[in-house]
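# okay, here's the prediction I keep looking at, along with the sequence it came from:
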Amino acid sequence: MTKKVFAITFAQPDKWTTGSVLQIGIAEEKVEEVKQYAKSIGYEENPRGALVFEANDEQYEEALNRDYKALFKENKKINS
């Protein structure tokens, strides 16, 4: 079974033009969870959609275990 990692770009609505965006590699099974979290804290997904990559087991596990909440928190802190 091929495993997929989605590279999705998010930004706060007023930050798209300033280049203050956050791109996260997300394991396929966590995509909806991350999208919902992003929306709940005021981020939007790039309307052009995600880039999708085939991943080996190590890459997939890294994406699966990534602390995406910390990445959003750091991005928000930098761009405040």
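It's in. Residues are numbered from 1 along each chain as shown.
# check which residues of the helix or strand encompassing residue 58 are buried.
Per DSSP states H and E, residue 58 falls inside helix 57-65. Residues of helix 57-65 classed as buried by neighbour count (16 or more other C-beta atoms under 10 Å): 60, 63, 64. C-beta coordinates here come from the backbone N, C-alpha and C atoms, glycine included.
# so what's the second one up against?
Think residue 63. 5, 25, 26, 27, 30, 55 (C-beta atoms under 8 Å, 6 or more residues apart in numbering).
# among those, which are located in strands?
Judged by DSSP state E, the subset of the contacts of residue 63 located in strands is 5, 25, 26, 27, 55.
# how far away is the second one from residue 9?
The one in question is residue 25. Noted for residue 25: a distance of 11 Å to residue 9, by C-beta to C-beta, to the nearest Å.
# anything in contact with each of these two?
By C-beta under 8 Å, 6+ apart, no residue touches both residue 25 and residue 9.
# count of neighbours near residue 15?
17 (other C-beta atoms under 10 Å).
# cool, and residue 20?
15.
# A helix includes it, no?
No: under the criterion used here (DSSP: H, G, I helix; E, B strand; the rest coil), residue 20 is coil, not part of a helix.
# quick one on the thing from earlier: tell me which two of the ones in strands among the contacts of residue 63 sit farthest apart.
Comparing every pair within those by C-beta to C-beta identifies 26 and 55 as the most remote, at 10.8 Å.
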